[in-house]
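A.B. asks: Return atomic coordinates for the entry below.
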Amino acid sequence: MKKVIMIILLWAGATLAFANAIDVYQFDSAKQEARFRALTSELRCPKCQNNSIADSNAELAQDLRQKVHQMLQQGRTDDEIRSFMIARYGNFVTYNPPLTASTIVLWLAPALVMFTGLGLMVVRSRRAKQTLNEAFSDEEQQRLDALLASEKATDAEPKVSAEHGSTEQKKEPK
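C.D. replies: Numbers count the residues shown, from 1 in each chain. This next block holds a predicted model:
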C-alpha cells in the first residue's frame, strides 16, 4: 500500500512540475538574447492585459514568446517584430500606443478633464463674486445706511477719560 501512495505522489508531483515549465530558448549571441528580453518585456500579453509576455504564464504569452524567438532567429529587426505583433493584436499589445485617430481620445482625455475642471472653478468663483457684489434691496440699503450713521454718531461723541478728566474726540482719517 505504501508503494501505491508513493507512486501516486510522484505522479502528482511530476504533473505539477510540467505544468509550470520554464521556457528555454537557444540564442546565437548575447546581443540576440538581450533583444529577446527587451522585446518580450515591452509587449503586453493580450490575455493578461497588465503583464508583459515575459512575465505572463498564459498559453498565449508562451506562443508569443515562441514567435518572437522564431522571428529573431530569422533575422527580423525589432521594428518588424513589433509591427507584426501590432498587425496581429492591435495597438493594445504595446504599452505605449502611437497617437492615431483611434487613440487620440486616450491621449487628450486627461488634458480635457483638467481644463474643464479649471474652467468650472473659474466660472463658479466669478458667479460667487457677482452674488456678493449684487446691489442691496432698498430696505436693506436703508438699514445699512442707518447702522453706518448711528456708528458715526457714536464715534463723534466726546469720550471722557477717567484718568485725566478730559474730553477726547476721535479724529476721522482723511
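
A.B. asks: the longest helix in this protein is where?
C.D. replies: Under DSSP state H, the helix in the chain containing the largest number of residues is helix 104-133.

A.B. asks: in the helix or strand following it, what's buried?
C.D. replies: Tracing the chain C-terminally past helix 104-133 and defining elements by DSSP states H and E, one meets helix 138-156 next. Buried positions in helix 138-156, judged by neighbour count with 16 or more other Cβ atoms under 10 Å: none. C-beta: built from backbone N, CA, C; applies to glycine.

A.B. asks: What average pLDDT does helix 138-156 get?
C.D. replies: The average pLDDT within helix 138-156 is 83.

A.B. asks: Flag the shaky bits of the chain, pLDDT-wise.
C.D. replies: 13-23, 132-136, 156-174 (pLDDT under 70).

A.B. asks: most centrally placed residue in it?
C.D. replies: Among the residues of the chain, Pro110 comes closest to the average C-alpha position under Cα atoms, centre = their mean, at 8.5 Å.

A.B. asks: Relative to Thr116, how far out is it?
C.D. replies: 11 Å (Cβ to Cβ, to the nearest Å).

A.B. asks: Could you do Val122 as well?
C.D. replies: 11 Å.

A.B. asks: Got the phi and psi for Ala87?
C.D. replies: Note on Ala87: backbone dihedrals following degrees, to the nearest 10 are phi -60, psi -30.

A.B. asks: same question, Arg44
C.D. replies: Backbone torsions for Arg44, taken as degrees, to the nearest 10, come to phi -90, psi 140.

A.B. asks: Same question for Thr94.
C.D. replies: The phi/psi pair for Thr94 (degrees, to the nearest 10) is phi -100, psi 150.

A.B. asks: so which strand or helix has Ile5?
C.D. replies: Counting by DSSP H and E, the element that carries Ile5 is helix 2-19.

A.B. asks: following that helix, which helix or strand comes up?
C.D. replies: Taking DSSP H and E, what comes next after helix 2-19 is helix 30-42.
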